[in-house]
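Novice: Fold the following, please.
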Amino acid sequence: MAVIRMDNIGIVVDDLDAAVAFFVELGLELEGTGAVEGEWVDRTIGLDGAQCDIAMLRAPGGVGIELSRFRSPSALRVDPGPPNQTGYLRAMFQVDDIDDTVARLRPYGAELVDQVVQYESAYRLCYVRGPEGVLIALAEPLG
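Specialist: A predicted model of the protein is given here:
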């Protein structure tokens, strides 16, 4: 038995439109939107009466992101933790111009966690918080 591929990462948000706009500006393609509910959803995620709006996005040649907005039960709001918190940390995206990418994402709620840094002669790197505190990393290859 082997993994065939990693299909997507799921992120729960309150403002689905803002999150979609952020990831589309980053360069992901919106594959589709829809709503899910019913017994199969309840039994899959372990919540009774789940009603969820979803948007599926895909990075060029890569993994997808499933954004979910729960209509029922309401999503639980927790403050984003520091980068050393256990659990989901971030998704990393390779970009061709990190400064341009950060500038384009700012109107969509992006904030640098600290600063853009250079790792040896290989990459320029940064962490960015997007809508609702979603943490992503950006990597620009050098040379």
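Novice: Please point out which parts of the helix of greatest length in the chain sit buried.
Specialist: Looking across the chain with DSSP state H, the single longest helix is helix 16-26. Of the residues in helix 16-26, 16, 19-23, 25-26 count as buried by neighbour count, 16 or more other CB atoms under 10 Å. In short, each C-beta sits where N, CA and C put it, glycine included.
Novice: which outside residues touch that helix?
Specialist: The contact list for helix 16-26 (CB atoms under 8 Å, 6 or more residues apart in numbering) reads 11, 13, 30, 33, 53, 55, 57, 65, 67, 69, 93, 101, 104-105, 108-110, 130-132, 134, 136.
Novice: Centre of the chain to that helix, how far?
Specialist: In terms of CA atoms, centre = their mean, to the nearest Å, the centre of helix 16-26 is found 9 Å from the chain centre.
Novice: Then stretch 114-121?
Specialist: How far stretch 114-121 lies from its chain's middle: 22 Å, per CA atoms, centre = their mean.
Novice: Strands along this protein, start to end?
Specialist: Applying DSSP state E to the chain gives strands spanning 8-12, 29-37, 51-58, 64-72, 91-94, 111-112, 117-119, 123-129, 135-141.
Novice: would JSON lines of these with mean neighbour count, mean pLDDT and distance to residue 45 be doable?
Specialist: Formatted as JSON lines, those follow (neighbours: other CB atoms under 10 Å; pLDDT from 0 to 100; distance: least, CB to CB, whole Å):
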{"stretch": "strand 8-12", "mean neighbour count": "15", "mean pLDDT": "91", "distance to residue 45": "10"}
{"stretch": "strand 29-37", "mean neighbour count": "12", "mean pLDDT": "96", "distance to residue 45": "10"}
{"stretch": "strand 51-58", "mean neighbour count": "18", "mean pLDDT": "96", "distance to residue 45": "9"}
{"stretch": "strand 64-72", "mean neighbour count": "18", "mean pLDDT": "94", "distance to residue 45": "10"}
{"stretch": "strand 91-94", "mean neighbour count": "15", "mean pLDDT": "92", "distance to residue 45": "20"}
{"stretch": "strand 111-112", "mean neighbour count": "13", "mean pLDDT": "94", "distance to residue 45": "30"}
{"stretch": "strand 117-119", "mean neighbour count": "10", "mean pLDDT": "94", "distance to residue 45": "37"}
{"stretch": "strand 123-129", "mean neighbour count": "18", "mean pLDDT": "94", "distance to residue 45": "26"}
{"stretch": "strand 135-141", "mean neighbour count": "18", "mean pLDDT": "93", "distance to residue 45": "22"}
